[in-house]
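>>> Pasting the sequence and the predicted model now:
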Amino acid sequence: ENVNVAALSAGTAALHLAFVILGIQPGDEIICQSFTFSASANPITYVGAKPVFVDSEPETWNMCPIALEEAIQDKTAKGKKPKAIVVVHLYGMPAKMDEISAVAKRYEIPVIEDAAEALGSTFKGQKCGTFGEMSILSFNGNKIITTSGGGALVCKTKEQKEKAVFLSTQARDNAPHYQHSEIGFNYRMSNIAAGIGRGQMEVLEDRIAARRVNNDFYKELFATIEGISVFTEPSDDYFSNHWLSAIIVDEEKAGFTREDLREKFLEQNIESRPLWKPMHLQPVFEGCDYYGGNFAESLFEKGLCLPSGSNLSEEERAEIKSVILSLKN
């Protein structure tokens, strides 16, 4: 495996540097999963490029390979062949990397994996973050392991990694005086954050195990409750760290809505949140092109992220259970 990693100040910084290293220019277009957090799309605008958003598919909630190909074909026909594809492994769930990689290869477009939420997740035994031309990781405070704030750019070649480190340290040329031939950034990870991160790496497997226990708890809890489906792996090819556990509420079958459940939790001081609002519906990306159906939109309307912390206790699980059972009665 040719894996070279540059430690940086954030996953967002890593994505920005990936675009710089790929030579993305103002006016270029980059395909991005619509159903994600804004940090997957914002850096596209940092380099003056335009995001083109693509819908998700029902099995992994990640980029739909069919909509992806449709976007590439349509854009290429219009003389605007996309320069990169940003695919996200949402909530720790690996995307359909075989199909997405095949489409990308067919049109010779580099894939950048946003594996910010998927450290430790695998697809067909291969770690998320090692499929793309480059990949990004996040060690933000809410991630499975954290450096408080931090991220990384995972590169295929040593040259890419060295370029990332160079750009992240103000692009200082190798000269006895301060000399700069390129625009650089202040994106390096601090020594303190790096020290915390090294300690955290030792507990990564424990954290993943704890998140997966939460997911099992929810699967068991909702097994007998009509109209609620727990987001889980579509097959044995997928192994999710279950960074977040999420559900879809089918109002007709359940007899209550996602909002009813969210508010019921809130009454008991339990925080739960709607799923991501798709990027193509965000005011800031109004007017950007979008390909696909309304699957991402329906996830936003019916989906809920449940308490998923690695430190969720038995008592807290019991509270969650009683709230859900109270809605059923």
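Looks like it came in fine. Residues are numbered from 1 along each chain as shown.
>>> hey, let's count contacts and neighbours off CA atoms from now on
Noted.
>>> Quick check: Leu221 vs Asn215, distance?
According to CA to CA, to the nearest Å, Leu221 stands 10 Å off from Asn215.
>>> typo on my end, it should be Cys64
Cys64 is 24 Å from Asn215, by CA to CA.
>>> In the helix ranked longest in the chain, which residues are buried?
Counting by DSSP state H, the longest helix found in the chain is helix 204-222. For helix 204-222, a neighbour-count test (16 or more other CA atoms under 10 Å) marks 204, 207-208, 210-216, 218-219, 221-222 as buried.
>>> Flag the shaky bits of the stretch 1-150 of the chain, pLDDT-wise.
Along the stretch 1-150 of the chain, the model assigns pLDDT under 70 to residues 1.
>>> ok, which stretches of the stretch 151-300 of the chain are strands?
For the stretch 151-300 of the chain, strands defined by DSSP state E, counting those that start in this stretch occupy the ranges 151-155, 228-230, 238-239, 245-249, 273-274, 290-291.
>>> other SSEs contacting the longest helix of the chain?
strand 228-230, strand 245-249 (3 or more CA pairs under 8 Å, 6 or more residues apart in numbering; DSSP states H and E).
>>> And these: which comes nearest Leu167?
strand 245-249 (36.1 Å; CA to CA).
>>> any idea how far the closest one is from the chain center?
Taking CA atoms, centre = their mean, to the nearest Å, the mean C-alpha location of strand 245-249 is offset from the chain mean by 17 Å.
>>> can you give me the helices for the stretch 101-250 of the chain?
Using DSSP state H, counting those that start in this stretch, the helices of the stretch 101-250 of the chain run over 158-168, 191-201, 204-222.
>>> mean pLDDT for those helices: which is lowest?
When the helices of the stretch 101-250 of the chain are compared on mean pLDDT, helix 191-201 scores lowest, with a mean of 89.
>>> Show me what that one is packed against.
Partner elements for helix 191-201 (3+ CA pairs under 8 Å, 6+ apart): none found.
>>> quick one, that helix and strand 151-155 angle?
70 degrees (axes from the mean of the first three to the mean of the last three CA atoms, to 10 degrees).
>>> i'd like the first residue to be 5 from this point on
That works, and once the first residue is 5, the last one we named lands at helix 195-205.
>>> Looking only at stretch 175-191, what residues are buried by neighbour count?
Quick answer for stretch 175-191 (16+ other CA under 10 Å): 175-176, 188-189, 191.
>>> In TSV: the helices and strands packed on helix 208-226, plus distance to Met283 and mean neighbour count.
Formatted as TSV, these follow (distance: least, CA to CA, whole Å; neighbours: other CA atoms under 10 Å):
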stretch	distance to Met283	mean neighbour count
strand 232-234	23	19
strand 249-253	19	23
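>>> For Gly27, find the nearest of the ones you listed.
strand 249-253 (36.6 Å).
>>> pLDDT on that closest one, on average?
97.
>>> Show me what that strand is packed up against.
Packed next to strand 249-253, using 3+ CA pairs under 8 Å, 6+ apart, are helix 208-226, strand 232-234, helix 299-306, strand 307-310.
>>> how about a cut-off of 10 Å?
Strand 249-253 is packed against helix 208-226, strand 232-234, helix 262-271, strand 277-278, helix 299-306, strand 307-310, with contacts defined by 3 or more CA pairs under 10 Å, 6 or more residues apart in numbering; DSSP states H and E.
>>> wait, which of those is closest to Ile34?
So among the helices and strands packed on strand 249-253, helix 299-306 is nearest, using CA to CA, at 18.8 Å.
>>> Go through the closest one and flag the buried ones.
299-301, 303-306.
>>> that older thread, what is the nearest of the buried residues of helix 208-226 to Asn6?
The closest of those, once distances to Asn6 are taken by CA to CA, is Leu208, at 21.8 Å.
>>> need the contact list for that closest one.
Leu208 sits next to 123-124, 148-150, 214, 245 when contact means CA atoms under 10 Å, 6 or more residues apart in numbering.
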